[in-house]
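Trainee: Sequence and computational prediction follow.
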Amino acid sequence: MTYAFDPGPLPAVPVAGTDTLYPVRRIYCVGRNYVEHAQEMGFTGREPPFFFAKPADAVVVVADGETGAIPYPTRTSNLHYEMELVVAIGRRGSDIPAAQAAQYIFGYALGLDMTRRDLQQELRKQGRPWELGKGYDHSAPIGPIHPIASTGEITAGHIWLDLNGERKQDSDIRKLIWNVNETIEHLSGYFELNPGDLIYSGTPEGVGAVKSGDLIVGGVDGLGELRVKVA
Ligand code: MN
C-alpha cells in the first residue's frame, strides 16, 4: 500500500550538540502551573494539575542563535506569549511514579505556548474546549532539545521573557506548583507517554499581548535563549 498523498515531513526538533532530530509525536501542556500566573488568570493556584494539547505540527522550530518567525494568527486581537520549560519524553510509560519520572526524560527545550487569549477566555466562559485559543497553527515555538545527559535534571533555574527588550516574565523553575516529575506522574495516569511527546510545563506570571513586529526573547538557565519575531 502507498499513501493516498505525500504525508510530508514529520514535525521534528534538532537535538543540541548532535546532528539528529527529535520527532514530535504529541504536545501536552500544563495549565496554570505557577501560583502567581494562576492568580493573574483569576484562580487561586490550588488545584490538581490539568492538561490540554496542541497538534504536533504546531511546533515552530527555532535553531540555536537564530530568530524564528510566527505569523500573527487570524481571529484574535489579543495574542499572548507564555514562556515555558519544555520536557521531551524519551521512553514509553504509563502510571509513572514521580520518583522514577526523570528516567523517562529525553531532554529539555525552551518553548512558547502562544495563546489567542481572547478566544481562550471566551471558550472557558462557555465551558467549551480550548483548541481554538491554544492549539492553532504555529502556536508552539520551540528551541533545540538539550539532552538530560548534558543538562542534568532541571528542578530550578531562572525562567524569563523579554518583549522588545523589556523584562516581562521573571521567575524560577522551582516555583512550579507541580514540578516536572509530578507532572509526568499525573499526565502518564491519563495517557501512555511515548518518545516524541513534549510537555510544555506551564508559564509564570507576567503574560501579555504582542503585536506584529514584536521580538520575544526568553530563556531558562542552562538552555540558552529562544528568539521569536511576530510577523
Ligand atoms: Mn501555557
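Mentor: Here it is on my side, so go on.

Trainee: Who are the packing partners of the longest helix along the chain?
Mentor: When every helix of the chain is counted residue by residue (DSSP state H), the longest turns out to be helix 180-190. The criterion is 3 or more CB pairs under 8 Å, 6 or more residues apart in numbering; DSSP states H and E, and the helices and strands that helix 180-190 contacts are strand 26-30, strand 51-54, strand 83-89, strand 197-200. C-betas here are computed from N, CA, C, even on glycine.

Trainee: so which of these comes closest to residue 63?
Mentor: Within the helices and strands packed on helix 180-190, the stretch nearest residue 63 is strand 83-89; the backing value is 15.5 Å (CB to CB).

Trainee: What strands flank that closest one, and is each parallel or antiparallel?
Mentor: strand 105-112 (antiparallel), strand 197-200 (antiparallel) (DSSP bridges).

Trainee: can you pull the buried residues of the longest helix of the chain?
Mentor: Across helix 180-190, burial judged by 16 or more other CB atoms under 10 Å covers 180, 181, 182, 183, 184, 185, 186, 187, 188.

Trainee: Assess the claim that the last one and residue 92 are in contact.
Mentor: No. Counting by CB atoms under 8 Å, residue 92 is not a contact partner of residue 188; they are 9.8 Å apart.

Trainee: circling back to that earlier point, got CSV for the helices and strands packed on helix 180-190, with distance to residue 218 and mean pLDDT too?
Mentor: Formatted as CSV, the helices and strands packed on helix 180-190 follow (distance: least, CB to CB, whole Å; pLDDT from 0 to 100):
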stretch, distance to residue 218, mean pLDDT
strand 26-30, 16, 98
strand 51-54, 18, 98
strand 83-89, 4, 99
strand 197-200, 12, 98
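
Trainee: In CSV: those strands, plus mean neighbour count.
Mentor: CSV is the format used below for the helices and strands packed on helix 180-190 (neighbours: other CB atoms under 10 Å):
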stretch, mean neighbour count
strand 26-30, 23
strand 51-54, 18
strand 83-89, 26
strand 197-200, 26
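
Trainee: would TSV of the ones you listed with distance to residue 224 be doable?
Mentor: Written out in TSV, the entries for those read as follows (distance: least, CB to CB, whole Å):
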stretch	distance to residue 224
strand 26-30	21
strand 51-54	22
strand 83-89	13
strand 197-200	17
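
Trainee: Save these as TSV, and put in distance to the ion too.
Mentor: Conversion of those to TSV gives the following (distance: least, CB to the ion, whole Å):
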stretch	distance to the ion
strand 26-30	5
strand 51-54	9
strand 83-89	6
strand 197-200	6
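
Trainee: Dig out what the residue nearest the centre of the chain forms beta bridges with.
Mentor: When the chain is reduced to its mean C-alpha position, the nearest residue by CA atoms, centre = their mean turns out to be residue 200, at 3.0 Å. According to DSSP bridges, the residues that bridge with residue 200 are residue 29, residue 86.

Trainee: ok, now which ones touch it?
Mentor: For residue 200, the residues meeting the contact criterion (CB atoms under 8 Å, 6 or more residues apart in numbering) are 27, 28, 29, 30, 54, 84, 86, 111, 113, 140.

Trainee: mind running it again at 10 Å?
Mentor: Shown in contact with residue 200 (CB atoms under 10 Å, 6 or more residues apart in numbering): 27-31, 33, 51-54, 82, 84-87, 109, 111-113, 134, 140, 142.

Trainee: for residue 209, same thing?
Mentor: Going by CB under 10 Å, 6+ apart, residue 209 touches 76, 77, 78, 79, 80, 81, 115, 117, 118, 163.

Trainee: I figured the fourth one hits residue 228, correct?
Mentor: No. No contact is recorded between residue 79 and residue 228 when judged using CB atoms under 10 Å, the distance being 11.8 Å.
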